[in-house]
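J.: predicted structure and sequence below. I'll ask about it afterward.
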Amino acid sequence: IKTRELVILDEPTDGFSDQQLDKMRGVLEQLKVKQLIIVSHEQKIESFVENVIKFKKDYGISRKE
C-alpha cells in the first residue's frame with residue numbers, strides 16, 4: 001500500500017470461512033487508512049464498517065437502494 005488515504009478492495013473475502021472473515025476485521029483495523037471502500041456480497045462485512053451503500057440490479061442497471 002503506497003498511501004493510507006484511500007484503499008479500495010473488490011471482493012476481498014470471496015470464499016472466506018467465518019473464521020477468516022473474523023481475522024479480516026483485525027487486518028482492516030491494522031491498516032488504519034483514512035478511507036476504505038469495500039465491494040462485497042458478504043453481509044458480515046457490514047459489521048466491520050461505519051456506512052453501507054447497497055445496490056440492486058434491475059434489468060441490467062444497478063441502482064442504489
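T.: On my side now, so go ahead. The structure presented is a predicted model; accordingly, all values stated were derived computationally and were not measured.
J.: can you give me the helices in this protein?
T.: 18-31 (DSSP state H).
J.: which residue is nearest the centroid of it?
T.: I38 (2.6 Å; C-alpha atoms, centre = their mean).
J.: got the contact list for the closest residue to that residue other than its chain neighbours?
T.: Using C-beta to C-beta, 6 or more residues apart in numbering and skipping residues adjacent in sequence, the residue nearest I38 is L9, 4.9 Å away. C-beta here means a position set from N, CA and C on the backbone, and glycine is covered the same way. With contacts defined as C-beta atoms under 8 Å, 6 or more residues apart in numbering, L9 is in contact with 36-40.
J.: most neighbours, which of these?
T.: Of all these, I38 has the most neighbours under the rule other C-beta atoms under 10 Å, reaching 19 neighbours.
J.: residues contacting it?
T.: Contacts for I38 (C-beta under 8 Å, 6+ apart) come out as 8-9, 12, 45, 48-49.
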